[in-house]
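A.B. asks: sequence first, then the predicted structure, then my questions.
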Amino acid sequence: MVKVKKVLLCLTGSAAIMRGPELAREFLREGAEVRAVMSPSAAQLLSPTLMHWATGQEVVTSLTGNLEHIRLSEWADAVVVAPATASTLGKLAWGIADTPVTATVISSSGLGKPVFLAPAMHASMYLSGPVQDSVERLRERGFFLIGPVLLEGRAKMAEPREIVLRVLFHRPQDLKGLRVAVTAGPTVEPVDRVKVITNFSSGKMGIAVARMAALRGAEVALIYGPGTEKPPEGVKVIRVKTTQEMKEALEEEVRKGVDLVVAAAAAQDLRVEKPFDRKLRSKETVELRLVPAPRVADGIRGLSPGVFLVGFKAEYGVPEEELVARAEEKLEAGFDLVVANDLSLPGAGFGEDTNEVVLVHRRGRERMRGRKEEVAHRLLDLALELRSRRS
């Protein structure tokens, strides 16, 4: 599913250029070929020799009669401007091709190549009228904005990992206009004032779904328990701890109006019936009575009969037919699509970058193995297809 193999990395004159080699290496680690173009101001801040080392390719810092901007735009599958300065955004918005970067990007856009812009500047500049006008104009013309992150008075460039995932897994904006709620990560249930019971979920699968849905144009709310994976940029993040908190947060989003719910969280099945109202001591022997925790997605269908509901069913060490049978039980309970996986399989457990799943719905089943981003895209594809058939 990863179609972007050749990435043209364009660097302009911002202090964030110091992350350019890191960004290039991240693309290379994912199997992409990278070539770099630098503006004159960028070459003053960061040595082109360093980018040559980072990419393994000669770096273009000026245009000659060899028409480098044309050849590179024809070569690339995708173009990434990171960092993109205020000046660069303005020039691109109005077609000013006066640097190797702006000339190459404008040529690439004319060829229909996807162009991703990762702005970096002071927040006051990014939020100014002229820059926002440029951003809006660029969006209208099909450019993709990644970030920035407004923090500490700065509009910081998105993290290299975020940029890489959004570029390599780029897809058409087929979810534009839809609101998607995703649950991710574990939940915790208190034992006493200090200790909890939980599981090893990192949140990677749910976060991959949230990131890919946002990439495809959806307005995304991520309801996230205490996982270890960093939430994606550009989505609304609602942090929760307990299963009840996750359930209430999801219900609140559904009441606001949601088209698609993806319940990917590994919420606790059990909770302590009566948590201790103090800290238990290390030498104490205690008995805990565990009772069923609330089911996060129970009642969603009643709140919004038309919502498309995707659930996850994780088991450990069961035959595939049993795994599918348990997923079908969730279909009977009101889910439209269930993603079933066996956590005992290599590369399919908590914290892994990959997953092996069976996608189960009323029209059949489909088995796939791949990156969690690939699984996320496929379940979103199926959700769109099945939702359109239902309506």
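C.D. replies: Cool, the structure landed. Numbers count the residues shown, from 1 in each chain.

A.B. asks: residue boundaries of the helices in the protein?
C.D. replies: 20-29, 40-45, 48-55, 68-75, 86-94, 100-110, 123-126, 129-140, 160-168, 204-215, 243-257, 300-303, 320-332, 372-390 (DSSP state H).

A.B. asks: nearest to Pro231, out of those helices?
C.D. replies: Shortest distance between Pro231 and the helices of the chain, using CB to CB, is found for helix 204-215: 6.3 Å. To be clear about C-beta, it is placed using only N, CA and C from the backbone, and glycine gets the same treatment.

A.B. asks: and the closest one with helix 372-390, angle?
C.D. replies: In terms of direction (axes from the mean of the first three to the mean of the last three CA atoms, to 10 degrees), helix 204-215 departs from helix 372-390 by 60 degrees.

A.B. asks: from the contact counts, what lies against helix 204-215?
C.D. replies: helix 160-168, strand 179-184, strand 219-224, strand 260-263, helix 372-390 (3 or more CB pairs under 8 Å, 6 or more residues apart in numbering; DSSP states H and E).

A.B. asks: now render the ones you listed as CSV, adding mean pLDDT and mean neighbour count.
C.D. replies: Formatted as CSV, the helices and strands packed on helix 204-215 follow (pLDDT from 0 to 100; neighbours: other CB atoms under 10 Å):
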stretch, mean pLDDT, mean neighbour count
helix 160-168, 92, 22
strand 179-184, 98, 28
strand 219-224, 97, 25
strand 260-263, 98, 27
helix 372-390, 93, 19
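
A.B. asks: just put those in CSV and tack on distance to Asp98.
C.D. replies: Below are those laid out as CSV (distance: least, CB to CB, whole Å):
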stretch, distance to Asp98
helix 160-168, 25
strand 179-184, 41
strand 219-224, 37
strand 260-263, 44
helix 372-390, 37
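
A.B. asks: of all the ones you listed, which one is nearest Lys330?
C.D. replies: In terms of CB to CB, the element of the helices and strands packed on helix 204-215 nearest to Lys330 is strand 260-263, at 9.6 Å.

A.B. asks: which secondary structure elements does the closest one contact?
C.D. replies: If you count contacts as 3+ CB pairs under 8 Å, 6+ apart, strand 260-263 packs onto strand 179-184, helix 204-215, helix 243-257, strand 308-315, helix 372-390.

A.B. asks: and those: which comes nearest Glu329?
C.D. replies: Of those, nearest to Glu329 by CB to CB is strand 308-315, at 8.3 Å.

A.B. asks: what does the closest one contact?
C.D. replies: Applying CB atoms under 8 Å, 6 or more residues apart in numbering, the set of residues contacting strand 308-315 from outside is 205, 259-266, 297, 300-301, 322-323, 326-327, 330, 334-343, 379, 383, 386-387, 390.

A.B. asks: please pick the buried ones from those residues.
C.D. replies: Neighbour counting by 16 or more other CB atoms under 10 Å classes 205, 259-266, 297, 300-301, 323, 326-327, 330, 335-343, 379, 383, 386-387 among the contacts of strand 308-315 as buried.

A.B. asks: ok, back up a step: dump the helices of the chain to a markdown table, plus distance to Pro190.
C.D. replies: Listed next are the helices of the chain as a markdown table, based on distance: least, CB to CB, whole Å:
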| stretch | distance to Pro190 |
| --- | --- |
| helix 20-29 | 39 |
| helix 40-45 | 50 |
| helix 48-55 | 47 |
| helix 68-75 | 56 |
| helix 86-94 | 48 |
| helix 100-110 | 53 |
| helix 123-126 | 39 |
| helix 129-140 | 45 |
| helix 160-168 | 33 |
| helix 204-215 | 23 |
| helix 243-257 | 11 |
| helix 300-303 | 25 |
| helix 320-332 | 28 |
| helix 372-390 | 30 |
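
A.B. asks: deepest-packed of those, please.
C.D. replies: Most buried of the helices of the chain, by mean neighbour count (mean count of other CB atoms under 10 Å): helix 204-215, with a mean of 27.

A.B. asks: what does that helix contact?
C.D. replies: Residues from elsewhere that reach helix 204-215 (CB under 8 Å, 6+ apart): 162, 165-166, 169-171, 175, 180, 182-185, 220, 222, 224, 227, 229-232, 234-235, 260, 262, 264-265, 312, 351-353, 355, 371-373, 375-377, 379-380.

A.B. asks: just the angle between it and helix 160-168, please?
C.D. replies: Using the same axes, to 10 degrees: helix 204-215 against helix 160-168 is 60 degrees.

A.B. asks: how far off strand 219-224 does helix 204-215 point, in degrees?
C.D. replies: Going by the same axes, to 10 degrees, helix 204-215 makes 160 degrees with strand 219-224.

A.B. asks: quick check: mean pLDDT of helix 204-215?
C.D. replies: The pLDDT scores in helix 204-215 average 94.

A.B. asks: picking that back up, quick one: closest of the helices of the chain to Glu284.
C.D. replies: Closest approach to Glu284 among these (CB to CB): helix 243-257, 25.7 Å.

A.B. asks: who are the packing partners of that closest one?
C.D. replies: Using 3+ CB pairs under 8 Å, 6+ apart, helix 243-257 sits against strand 179-184, strand 219-224, strand 260-263, helix 300-303.
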